[in-house]
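>>> Just a sequence and a predicted model for now, questions to come.
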Amino acid sequence: MSERNLNLLHPRDQIIMIINRIYKKGLTTTSGGNISIMDENGDMWVTPSGVDKGSLKPGDIMCVKADGTIVGPHKPSMEYPFHKAIYVKRPDLKSVVHAHPPALVSFSIVRQVPDTHVIPQVMQVCGPIGYAKYHIPGSKELGDSISEQFEGGFNAVIMENHGAVVADSNVIKAYERFETLEFCCRTLINSKIIGDPKYLSDQQLKAFDEQIPTDHPQMEVVVHSPDEKGIRQEIRDMVRRACDQGLMMSTYGTVSVRWKENDFLITPTNATRWDLQLDDIVQIQDGKCEPGKIPSRSAWLHQKIYEQHPEINAIILTQPEYLMAYGVTHKKLDVRTIPESWIFLQDMENVPFGSHFVGESAIPQKVSKENPGVIIENDSVLMTGNSLLQAFDRLEVAEFSAKSLVMGTSLGAFEPMSDGEIDELRKAFF
């Protein structure tokens, strides 16, 4: 949803949209968490206390007026005082999200702050993370502890033995920061099960940003033929499906599909993935994009892959949490887990951080029909297919394989299929 369209929604409808997203994503419980929005009149709209988060209606959302008057059928969240304290200290912030998702709570109860230098997009969205000492929920002391962290410049804060709170200029951006921070924590936890996460220096992050292509030549004439419109629908539906299944986040994920010859359609930069619209998608023709749109930063890489591989018709670049555990530890994913994994993937090679932006990237040479995907260290996973459905299927298989390996680590040593068993699969399926 665009910022303009968001502003056309009443604050209570904005809150319902996001609380539904948070609850369905398993990032809060029936009773836990709260969301608020500060409107242009200085009135704060906030979720109620003691009402099922899975069935909230717009009429349930409470309003705490600028003069302190409370309007609505329930009590406002008992945590609303710390929301108010944040707005007082940071008038640039207009929405606050607080909840107790499992990975964030894990950091909260061991009293650690996640290091967001693990993935560039995490650092970009979340920034450094603050830490607020424990105080009883709803107390003035808790509000002071949290708001002091925001006053110090943090936009996301771990609450000791409690959870986390984030804020931003609108509720969608606040949700994106919240979801991205939980993803960061899950990735770090999973990576510690299989090894040690490797962090990026400020110099690496700066160099990474400087090499991202920003020159997007634009086409003069745009044609939207019936087949092109069909590809747009296919991309939109698959992106939303990936978000629903935890294979993509609001803030990261690129999908492209070949249209004709080496022309293709691709998702844009800086669009909320779970609410992607058909007209957000960018057509690339002869290396030029639709006017007025900014394609994915990796569009040039997609172009190179399509040019070098006529058998590849779809590409997905995303950050599934278990595959990213291998990405941030630089461990190799062994796909010899079950027959399906090897048949679908055969191999998944790691490539160095930033290699999807360098001019002579090796990624187009590394992907093939036999080896459809790569793990880009400290960044993402790239998967290809002869159709978008096949690329998505392979991505699912890869993530399930990674999840099984991470979970299996607590049970014992991994026993891969033998060379003889792999040879039997090769003869039977290839």
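Alright, I've got the coordinates. Numbers count the residues shown, from 1 in each chain.
>>> what's the weakest-modelled helix or strand in this protein?
Lowest by mean pLDDT, DSSP states H and E among the helices and strands of the chain is helix 3-7, with a mean of 75.
>>> Point out where the stretch 251-400 of the chain drops to low pLDDT.
359-360 (pLDDT under 70).
>>> tell me which residues in stretch 137-145 are buried?
The neighbour-count check on stretch 137-145 (16 or more other C-beta atoms under 10 Å) flags L142, G143, S145 as buried. For the C-beta atoms, the positions are set from N, CA and C on the backbone; glycine is no exception.
>>> Okay, and which of those residues map to helices?
Within the buried residues of stretch 137-145, residues falling in helices by DSSP state H are L142, G143, S145.
>>> before we move on, the earlier item: next SSE after the least confident helix or strand of the chain?
Using DSSP states H and E, the helix or strand that follows helix 3-7 in sequence is helix 11-24.
>>> Would you indicate which residues of that next one are buried?
Buried, per 16+ other C-beta under 10 Å, within helix 11-24: P11, R12, Q14, I15, I16, M17, I18, I19, R21, I22, Y23.
>>> Show me which of the ones in helices among the buried residues of stretch 137-145 is closest to P91.
Set against P91, the nearest of these by C-beta to C-beta is G143 (15.8 Å).
>>> Quick one: residues contacting that closest one.
When the contact criterion is C-beta atoms under 8 Å, 6 or more residues apart in numbering, the partners of G143 are P81, F82, K84, A85.
>>> Now do it against D67, distance only.
Separation of G143 from D67 (C-beta to C-beta, to the nearest Å): 19 Å.
>>> what's the spacing between the spatially closest residue to S250 that is not a sequence neighbour and Q149?
Of all residues not flanking S250 in the chain, E176 sits nearest, at 4.4 Å (C-beta to C-beta, 6 or more residues apart in numbering). The span separating E176 from Q149 equals 20 Å under the rule C-beta to C-beta.
>>> And the helices in the stretch 151-300 of the chain, which stretches?
With DSSP state H, counting those that start in this stretch as the criterion, the stretch 151-300 of the chain has helices at 171-194, 202-211, 226-244, 299-308.
>>> Can you tell me which of these is most buried?
With neighbours defined as mean count of other C-beta atoms under 10 Å, these peak in mean count at helix 171-194, which reaches a mean of 24.
>>> Could you pull up the mean pLDDT of that one?
The average pLDDT within helix 171-194 is 97.
>>> Please apply the same query to stretch 36-46.
What stretch 36-46 shows for mean pLDDT is 97.
>>> what about that stretch, start to end distance?
End-to-end span of stretch 36-46 (C-alpha to C-alpha, to the nearest Å): 4 Å.
>>> Which residues outside that stretch are in contact with it?
Contact with stretch 36-46 is made by 11-12, 14-15, 34-35, 47, 61-66, 76-77, 80, 83-84, 87, 93-96, 170-171, as judged by C-beta under 8 Å, 6+ apart.
>>> can you rerun that using 7 Å?
When contacts are defined by C-beta atoms under 7 Å, 6 or more residues apart in numbering, stretch 36-46 is touched by residues 11-12, 14-15, 34, 61-66, 76-77, 80, 83-84, 87, 94-96, 171.
>>> In ChimeraX, how would I select just the buried ones from these?
Entered in ChimeraX, the line below selects the buried ones among the contacts of stretch 36-46, by 16+ other C-beta under 10 Å:
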select :11,12,14,15,34,61,62,63,64,76,77,80,83,84,87,94,95,96,171
